[in-house]
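Q: missing the sequence, but the structure's below:
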């Protein structure tokens, strides 16, 4: 028998219970995928003593008969009709089981993990989706358990207390309700008393003040804490922990949407702090950052009233800060329209305007950071700073300039002034490794206007190492607008490569339109009265796509290089004269 075997039909799995399997031993790894209506006959698992990995996807287990899985170490069950008692009976002979993954097991209503059923379990993953009947989960005794992932969607479910006596070696816990609005996980009686816990991730659950305080007090060795949740009637959260090194708070939707202030009181070993949202609900107490003198990575939403003086003070009180990410929202931060970043130790700086926020564009961005190797600016809409002044950065610094969406809520035009501002922004950083990203373009809804004759006397455009272009998922690019857009864009910069992600049907048409512009670069009527980009383009190469036999149509599904088959993007490499 082979060491590994995958069975697309469950009937083939009966070979495991045959005399051949009894004589030669079962495969070390078995994967079975069946339809929901399939029923495993009793005795199907009677000759699996040598199987170490077993994956069952689909089917109905009504009775087991004889079970022989003495060598089983990894068990994955999903889309099965299976009761909790049958699960316990199944693993009764799997005394060496180390990893258990439960997906949709429809008839399991209450799950209890104890040493009697799972004596050597190290990893437990539960992903109960929509129709699951799971209503209660309890970890009673699991002396070797190190990793717990509990993801529950759909019907309500109650979690019980997890204590050090139940899981003395537990190091990683993830709890996720998978619900966008209301969490159906009942955490009222959920208490963690885990001195060994090092990494905790709570996603899409309702966090109450009592629960937060309990978590902090009962996990003294916690290193990483991540909330991707919403808070229940809390307007202020204080973080105090003696060993915490990473804290990340990601906002989620929910019924409780009001501003929350986060304050650090005692976090001497904190190195990474990320508290950033894009609607201005999360406010970081800037003065409390003195409680985290060892911070290396900091991300936060700029609060109202934040000034250049606050930024200078922040950089001076954090001597080890290497990465800073600021998010501007609501357009009220007039002081932040002229920004100066001056730091000797800073290596990464990111500035972002929030999606859908009426934030006014930056006027002046000055950078004086000799060790800076990465700068990223994301404008709200296709807008860029009036002036970027680079005083001092590392010679190998990489600049990423990104715009996304329309110019603004009321404007649907891309005019000559926009291309001129883009060119001016790129000029300031043209001597560095430059990446330009234009996302969520809507070239069918925007009126694109660019007159080359107005700009013909301006100096040559600047080279960009990489240009990323991405259309909106609902947008089918207009051929005329695409032509004019490329004309203005290539007047503003000369990309060495153009990358177009392939996420939806509009992207395929966009790739084809751009290719047709390149293909017609030698056309006699390419421009009138002024020299356009086509006269300087020498060669175009296509990667991660193929042309048809007439070299007229790009086939994204056919990759020239098989090693690139998993890359969902088309790349044009351009050579300019």
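A: Arrived safely, thanks for sending. Here the structure is a predicted model, which is why all the values come from computation and not from measurement. Residues are numbered from 1 along each chain as shown.
Q: Tell me the confidence at the nearest residue to residue 176 once chain neighbours are set aside?
A: Nearest non-adjacent residue to residue 176, counting by C-beta to C-beta, 6 or more residues apart in numbering: residue 203, 3.9 Å away. Every residue, glycine included, has its C-beta placed from N, CA and C. pLDDT recorded at residue 203 is 82.
Q: Does residue 203 touch residue 174 like I think?
A: Yes: contact between residue 203 and residue 174 holds when scored by C-beta atoms under 8 Å: they sit 7.0 Å apart.
Q: Can you get me a residue count around the residue nearest to residue 176?
A: Residue 203 has 17 neighbouring residues, counting by other C-beta atoms under 10 Å.
Q: And it, which helix or strand is it part of?
A: Residue 203 is part of strand 199-207 when elements are defined by DSSP states H and E.
Q: Can you check what angle separates whatever helix or strand comes next after that strand from strand 199-207?
A: Next along the chain after strand 199-207, taking DSSP H and E as the criterion, comes helix 209-218. Interaxial angle, helix 209-218 versus strand 199-207 (axes from the mean of the first three to the mean of the last three C-alpha atoms, to 10 degrees): 160 degrees.
Q: for residue 537, which residues make a bridge with it?
A: As for beta bridges, residue 537 partners with residue 576 under DSSP bridges.
Q: List the contacts of it.
A: 518, 521, 574, 575, 576, 577 (C-beta atoms under 8 Å, 6 or more residues apart in numbering).
Q: By mean pLDDT, which helix or strand of this structure comes out lowest?
A: Least confident element among the helices and strands of the chain, by mean pLDDT, DSSP states H and E: helix 19-24 (a mean of 43).
Q: Name the nearest of the contacts of residue 537 relative to residue 149.
A: Nearest to residue 149, judged by C-beta to C-beta, of the contacts of residue 537 is residue 574 at 45.5 Å.
Q: tell me which element the closest one falls in.
A: Assessed by DSSP H and E, residue 574 sits inside strand 569-576.
Q: elements contacting that strand?
A: strand 493-495, strand 497-501, helix 505-519, strand 537-543 (3 or more C-beta pairs under 8 Å, 6 or more residues apart in numbering; DSSP states H and E).
Q: Where among these is average confidence lowest?
A: Least confident of those, judged by mean pLDDT, is helix 505-519 with a mean of 83.
Q: tell me the angle of it relative to strand 497-501?
A: 160 degrees.
Q: on that earlier part again, what sits in contact with each of residue 203 and residue 174?
A: By C-beta under 8 Å, 6+ apart, no residue touches both residue 203 and residue 174.
Q: Could you pull up the mean pLDDT of stretch 308-327?
A: Rounded mean pLDDT across stretch 308-327 is 92.
Q: which residues sit against that stretch?
A: With C-beta under 8 Å, 6+ apart as the criterion, stretch 308-327 contacts 271, 274, 276-278, 286, 289-290, 292-302, 335-336, 338-343, 345-354.
Q: Just the buried residues of it, please?
A: Across stretch 308-327, burial judged by 16 or more other C-beta atoms under 10 Å covers 310, 311, 314, 315, 318, 321, 322, 323, 324, 325, 326, 327.
Q: Need the max-distance pair from these.
A: Across the buried residues of stretch 308-327 (C-beta to C-beta), the longest gap, 19.5 Å, separates 310 and 322.
Q: ok so, going back, who wins on neighbours among the contacts of residue 537?
A: The most crowded member of the contacts of residue 537, judged by other C-beta under 10 Å, is residue 574 (19 neighbours).
Q: Distance of that residue relative to residue 543?
A: From residue 574 across to residue 543, the span is 12 Å (C-beta to C-beta, to the nearest Å).
Q: With residue 76 instead?
A: 37 Å.
Q: Out of the contacts of residue 537, which is nearest to residue 436?
A: Using C-beta to C-beta, residue 574 comes nearest to residue 436 of the contacts of residue 537, at 13.4 Å.
Q: quick one, what contacts the closest one?
A: Contact analysis of residue 574 by C-beta under 8 Å, 6+ apart lists 494, 495, 496, 497, 498, 537, 539, 540.
Q: list the contacts for the first one?
A: The contact partners of residue 494, by C-beta under 8 Å, 6+ apart, come to 461, 462, 463, 464, 533, 536, 574, 576.
Q: what bridges to it?
A: Beta-bridge partners recorded for residue 494 (DSSP bridges): residue 463.
Q: before we move on, the earlier item: quick one, which of the contacts of residue 494 are buried?
A: Buried residues within the contacts of residue 494, counting neighbours by 16+ other C-beta under 10 Å: 461, 462, 464, 533, 536, 574.
Q: returning to that earlier point: could I get the buried residues of stretch 308-327 as JSON lines with secondary structure?
A: Listed next are those as JSON lines, based on DSSP: H, G, I helix; E, B strand; the rest coil:
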{"residue": "310", "secondary structure": "helix"}
{"residue": "311", "secondary structure": "helix"}
{"residue": "314", "secondary structure": "helix"}
{"residue": "315", "secondary structure": "helix"}
{"residue": "318", "secondary structure": "coil"}
{"residue": "321", "secondary structure": "coil"}
{"residue": "322", "secondary structure": "coil"}
{"residue": "323", "secondary structure": "strand"}
{"residue": "324", "secondary structure": "strand"}
{"residue": "325", "secondary structure": "strand"}
{"residue": "326", "secondary structure": "strand"}
{"residue": "327", "secondary structure": "strand"}
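Q: so where do the helices sit in the stretch 301-450 of the chain?
A: For the stretch 301-450 of the chain, the helices defined by DSSP state H, counting those that start in this stretch occupy 308-317, 416-427.
Q: Quick one, which of the contacts of stretch 308-327 are buried?
A: Here, 16+ other C-beta under 10 Å leaves 271, 276-278, 286, 289, 292, 295-302, 335-336, 339, 341-343, 346-354 buried among these.
Q: Would you point out which residue is most central in this structure?
A: residue 250 (11.6 Å; C-alpha atoms, centre = their mean).
Q: mind putting the buried ones among the contacts of residue 494 in a markdown table, pLDDT and distance to residue 433 included?
A: Formatted as a markdown table, the buried ones among the contacts of residue 494 follow (pLDDT from 0 to 100; distance: C-beta to C-beta, whole Å):
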| residue | pLDDT | distance to residue 433 |
| --- | --- | --- |
| 461 | 71 | 17 |
| 462 | 76 | 12 |
| 464 | 90 | 10 |
| 533 | 83 | 22 |
| 536 | 86 | 21 |
| 574 | 93 | 17 |
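Q: what about the stretch 401-550 of the chain, any weak spots by pLDDT?
A: 404-414, 440, 442-460, 473-477, 521-530, 548-550 (pLDDT under 70).
Q: Provide a list of residues in contact with the nearest residue to residue 122 once chain neighbours are set aside.
A: In space, and not counting its chain neighbours, residue 122 is closest to residue 98: 4.7 Å by C-beta to C-beta, 6+ apart. By C-beta under 8 Å, 6+ apart, the contact list for residue 98 reads 73, 74, 120, 121, 122, 123, 144.
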